[in-house]
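*Asks:* sequence plus the predicted model coming up.
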Amino acid sequence: MRKITWNIPNILSLLRVFLAPLVLIFLTFKFTYPVYTVEELELRVTFGDILAGTVFILAALTDTADGYIARKKGMVTNLGKFIDPVADKVLVMAALISLVELQRIPAWIVVVILSRDLIVTGVRMVAAAEGVVIAASRGGKLKTVFQIVAISMLIFNLPFGIEVMWAAMILTVWSGMDYLIKGKKLFTD
């Protein structure tokens, strides 16, 4: 029986899973004291927003770090291949769902993003069962960067956050279509 390999990249990915609930708690817990308010911009940031944003950005940085370390040091494992994308989705979904509750983002945008992620995960599962690896595309990586920036802007209640989220959503749909095109051979008999 093979044992699970716990290395730094895998621990960083797992850390992201455990930080996701903190983002949710800090964002949705009712901190009533605004740290700063700019009325003409309708900008209001609470202590909870700052805590949530800080944790979210730190967690997002672990994604960059774990991938870099795993590839650079030859620490790529099956556990890492599994936990890394799951951790990303848990973190992003925790933040997006919290932002829906705070009415900073429409729920339908979250449904589009979640749907794309479920479809891509399904395509990758079918591919894996056939012994085919569908690697992360450039579009998928760009989508992730835009999502992280947009979510951070929305957490901190910054101007143009929703516009950046629109761009992230468009990239999300586009990269999802790319995965479907790459995987279409899997669905033809």
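*Replies:* Cool, the structure landed.

*Asks:* leaving out chain neighbours, which residue sits closest to residue 17?
*Replies:* residue 87 (4.8 Å; Cβ to Cβ, 6 or more residues apart in numbering). (C-beta placed from N, C-alpha, C; glycine too.)

*Asks:* list the contacts for the one you found?
*Replies:* Residue 87 makes contact with 13-14, 16-17, 20, 63 under the criterion Cβ atoms under 8 Å, 6 or more residues apart in numbering.

*Asks:* in the helix or strand residue 172 falls within, what's buried?
*Replies:* If you go by DSSP states H and E, residue 172 is part of helix 161-183. Of all the residues in helix 161-183, those buried under the rule 16 or more other Cβ atoms under 10 Å are 161-162, 164-165, 168-169, 171-172, 175-176, 178-179, 182-183.

*Asks:* can you put those in TSV and add pLDDT and distance to residue 106?
*Replies:* Shown next, in TSV, are those (pLDDT from 0 to 100; distance: Cβ to Cβ, whole Å):
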residue	pLDDT	distance to residue 106
161	94	13
162	96	9
164	97	14
165	97	9
168	96	13
169	96	10
171	95	17
172	94	14
175	92	20
176	91	19
178	87	25
179	84	24
182	78	29
183	76	29
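
*Asks:* closest one of those to residue 139?
*Replies:* The closest of the buried residues of helix 161-183 to residue 139 turns out to be residue 175 (Cβ to Cβ; 3.6 Å).

*Asks:* pull up the gap between the nearest residue to that closest one once chain neighbours are set aside and residue 44, please.
*Replies:* Closest residue in space to residue 175, ignoring its immediate chain neighbours: residue 139 at 3.6 Å, by Cβ to Cβ, 6+ apart. Separation of residue 139 from residue 44 (Cβ to Cβ, to the nearest Å): 34 Å.

*Asks:* neighbour-wise, which of these two wins?
*Replies:* Each of residue 139 and residue 44 has its neighbours counted (other Cβ atoms under 10 Å); residue 139 has more, 16 against 13.
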